[in-house]
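Trainee: dropping the sequence and predicted coords here.
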Amino acid sequence: AQKVIQVWSTASRQEGEELTLDCSYETSQVLYHLFWYKHLLSGEMVFLIRQMSSSTAKERSGRYSVVFQKSLKSISLVISALQPDDSGKYFCALWEPRDYGGSGNKLIFGTGTLLSVKP
Amino acid sequence: EAAVTQSPRNKVAVTGGKVTLSCNQTNNHNNMYWYRQDTGHGLRLIHYSYGAGSTEKGDIPDGYKASRPSQENFSLILELATPSQTSVYFCASGDARGEQYFGPGTRLTVL
């Protein structure tokens, strides 16, 4: 069963708009991290933002922010003031450190949402 | 300067041939990973490593081997390539907080 679910496989917006990308996940762990990555059209995979399960802070990095609803096991990525360069594929990922006794990391990725931003 | 590099960036191989994908990182991370990305599947973990000399099976290890001869280098080996292994392969190094840093990817086509 898929542990990280991104329902929308594609999205399209106009430049200047705001977009929310949804992600839900399954875990029985108390401590875990959630990540958003962007796969650029050039092929590069770029880290965007992290949310720790133990944090109540609203994480933000530039135009990126998250809406973390822990009880619902949901995390959304919000991108404000969209630009054409924001086009790419966005992946949500779950990290459960206890999978490996805390000595290693394993990221579980969703299937991604391909975003197109039109000028 | 890129901290995770992969070579080759593109590769065309024949069925039954041997393919070696190389990855180098300058982040001094203990953990390194090999993923493949296919439409509809996201990134799937093939093999990973906790440090030089160690390799562990990921979620889809069949048909792949890995080698970690040093902290910096992690290779993915396809002994007998098959068309089903046509994909984009990503290498990553990871820190202790879960964040992973990816290479630029290798596009492999097996004919």
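Mentor: Arrived safely, thanks for sending.

Trainee: okay, the spatially most central residue of chain B: pLDDT?
Mentor: Nearest to the mean C-alpha position of chain B, counting by Cα atoms, centre = their mean, stands residue B:34 at 3.1 Å. pLDDT recorded at residue B:34 is 96.

Trainee: and it, how far from chain A?
Mentor: Separation of residue B:34 from chain A (Cβ to the nearest Cβ, to the nearest Å): 12 Å. (Glycine included, C-beta is placed from N, CA and C.)

Trainee: give the bridge partners for that residue, please.
Mentor: residue B:47, residue B:91 (DSSP bridges).

Trainee: paired strands for the least confident helix or strand in chain A by mean pLDDT, with orientation please.
Mentor: Lowest on mean pLDDT, DSSP states H and E among the helices and strands of chain A sits strand A:60-61, with a mean of 84. Applying DSSP bridges, strand A:60-61 is found paired with strand A:64-69 (antiparallel).

Trainee: would you mark the buried spots in the partner strand?
Mentor: For strand A:64-69, burial by neighbour count (16 or more other Cβ atoms under 10 Å in any protein chain shown) applies to A:64-66, A:68.

Trainee: also stretch B:59-76?
Mentor: Result for stretch B:59-76 [16+ other Cβ under 10 Å]: buried residues B:61, B:64, B:66-68, B:71-76.

Trainee: OK, contacts around the residue nearest to the centre of chain B?
Mentor: Listed by Cβ atoms under 8 Å, 6 or more residues apart in numbering or on different chains, the contact set of residue B:34 reads B:21, B:23, B:45-48, B:58, B:64, B:66, B:74, B:76, B:89-91.

Trainee: let me know the closest of these to residue A:38.
Mentor: Within the contacts of residue B:34, distances to residue A:38 taken as Cβ to Cβ reach their minimum at residue B:90, with 13.2 Å.
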